[in-house]
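**Q** sequence plus predicted model, see below.
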Amino acid sequence: MAKKKSEGFLPTLFPFLSILTCTAGVLAFIIISISVVSLLAPSIMVKSRDNNMVSSKKPAYVECHPDSLILVATQQKIAYAQIDAPGSGYDHFLQRIKERADSVYIVFAIYPGGERTFRRAYRLINQLNQQLMARKSKIDVGYEPFNKSWHLQVKRD
């Protein structure tokens, strides 16, 4: 009788597939965890760049809501109708910034519906910048869209 030849060793892929399945499960868990944490985060912490060597200017934060502006440093709320009124809180704020335009810039946090408020506030800054052209300085402005569930907190070092 003829003996049947052995076809050699055939490795099983079961351990490799098990490791691959476990790795995919862990990655899915990490992605879901990060998504849940980011959705539940009620506030955004902004680290002030006061000590940054790149820019010697310090930020002044302003929140733009549909019906008002909030000056973050003093928590002063300025109604939409009062933004461009002479002598309003925003007018005083801009005058202080104008005096220190070489060392301070404004950062707007624009909440949903606050675009109209931002445009009104920004228009006043443009008017001041045209006056400042003679001094060869201007008020620098930055802005960031914010989610309605976020709350701006400024952490100073």
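**A** Sure, I can see it.
**Q** contacting residues for Gln82?
**A** Under the criterion of Cβ atoms under 8 Å, 6 or more residues apart in numbering, the neighbours of Gln82 are Ser88, Gly89, Tyr90. The way it works is simple: take the backbone N, C-alpha and C, and place the C-beta from them, glycine included.
**Q** quick one: find the helix or strand in the chain with the lowest mean pLDDT.
**A** In the chain, the helix or strand scored least confidently by mean pLDDT, DSSP states H and E is strand 44-47, which has a mean of 55.
**Q** sorry, back to before: can you put the contacts of Gln82 in TSV and add secondary structure?
**A** Listed next are the contacts of Gln82 as TSV, based on DSSP: H, G, I helix; E, B strand; the rest coil:
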residue	secondary structure
Ser88	coil
Gly89	helix
Tyr90	helix
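**Q** got the buried residues for the longest helix belonging to the chain?
**A** Longest helix of the chain, by residue count under DSSP state H: helix 14-40. By neighbour count with 16 or more other Cβ atoms under 10 Å, helix 14-40 contains no buried residues.
**Q** who are the packing partners of it?
**A** In terms of contacts (3 or more Cβ pairs under 8 Å, 6 or more residues apart in numbering; DSSP states H and E), helix 14-40 is packed against no helix or strand at all.
**Q** could I get the average pLDDT for that helix?
**A** For helix 14-40, mean pLDDT is 86.
**Q** same thing with stretch 63-80?
**A** Mean per-residue pLDDT for stretch 63-80: 92.
**Q** so which residues of the protein form helices?
**A** For the chain, applying DSSP H gives helices covering 14-40, 89-99, 115-132.
**Q** for the second one, give the mean pLDDT please.
**A** Here the mean pLDDT over helix 89-99 is 91, rounded to a whole number.
**Q** picking that back up, so which of the helices of the chain is nearest Lys57?
**A** Each of the helices of the chain has some distance to Lys57 by Cβ to Cβ; the shortest is helix 89-99, at 10.6 Å.
**Q** the closest one vs helix 115-132, what angle?
**A** 40 degrees (axes from the mean of the first three to the mean of the last three Cα atoms, to 10 degrees).
**Q** and helix 89-99, what does it pack against?
**A** Counting by 3+ Cβ pairs under 8 Å, 6+ apart, helix 89-99 packs on strand 58-64, strand 68-71, strand 76-79, helix 115-132.
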